[in-house]
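Undergrad: 3D, please:
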Amino acid sequence: MGVKKGDGGQKTRSSNSAAAAAAARRAAVEAAVRAAVTAAAAAEAAATRAVAAAAAAAAARAAAAAARPVAAAAAATAARAADAAAATAATAAAIRARHQLQRERRRQQQQQQQRQRQQQQQRQQRQGRSSSSSNKAG
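TA: Below is the predicted model of the structure:
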């Protein structure tokens with residue numbers, strides 16, 4: 001029937017530190033996602049530059065070949081092939097970037113679900129301890 005003594009703020013401090021740790025984890029995951037997106041964009045830009053260089057070389061070859069009437073058709077074919085290669089490379093880079101982002105999001109969701117499961121287990125454990133201690137008191 002006596003007054004219960006407090007824990008000196010221990011619960012508040014531990015919940016604050018847990019919240020700070022969760023915030024730090026979230027910030028780290030968000031930074032990783034941003035880094036992955038940035039890396040994917042850089043890879044896509046590099047692929048685009050490489051394709052543009054190949055297209056320029058193909059255009060130069062086509063211009064040289066165009067001087068000869070017989071080679072004009074081959075030059076046009078080479079230009080079309082360079083255009084197709086550029087489009088293919090750009091599409092592939094975009095697909096890789098999208099897949100990387102999807103993988104990163106999936107990993108982030110799995111981590112979030114794992115954190116939620118751990119928090120739920122901790123709550124259940126705390127509730128179990130408090131109910132067992134109240135049973136002992138009774």
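
Undergrad: any idea how far the helix of greatest length in the chain is from the middle of the chain?
TA: Criterion DSSP state H: the longest helix present in the chain is helix 72-137. Here the centre of helix 72-137 is set off from its chain's centre by 6 Å, with Cα atoms, centre = their mean, to the nearest Å.

Undergrad: quick check: mean pLDDT across that helix?
TA: Mean per-residue pLDDT for helix 72-137: 84.

Undergrad: swap in stretch 20-28?
TA: Computed over stretch 20-28, the mean pLDDT rounds to 84.

Undergrad: got a list of contacts for that stretch?
TA: Residues outside stretch 20-28 that contact it (Cβ atoms under 8 Å, 6 or more residues apart in numbering) are 111, 115. The way it works is simple: take the backbone N, C-alpha and C, and place the C-beta from them, glycine included.

Undergrad: ok now it, how far from the chain's centre?
TA: Distance, centroid of stretch 20-28 to centroid of chain: 16 Å (Cα atoms, centre = their mean).

Undergrad: also stretch 40-48?
TA: The answer for stretch 40-48 is 16 Å, by Cα atoms, centre = their mean.

Undergrad: give me the contacts around it.
TA: Here stretch 40-48 makes contact (Cβ under 8 Å, 6+ apart) with 86, 89-90, 92-94, 96-97, 100-101.
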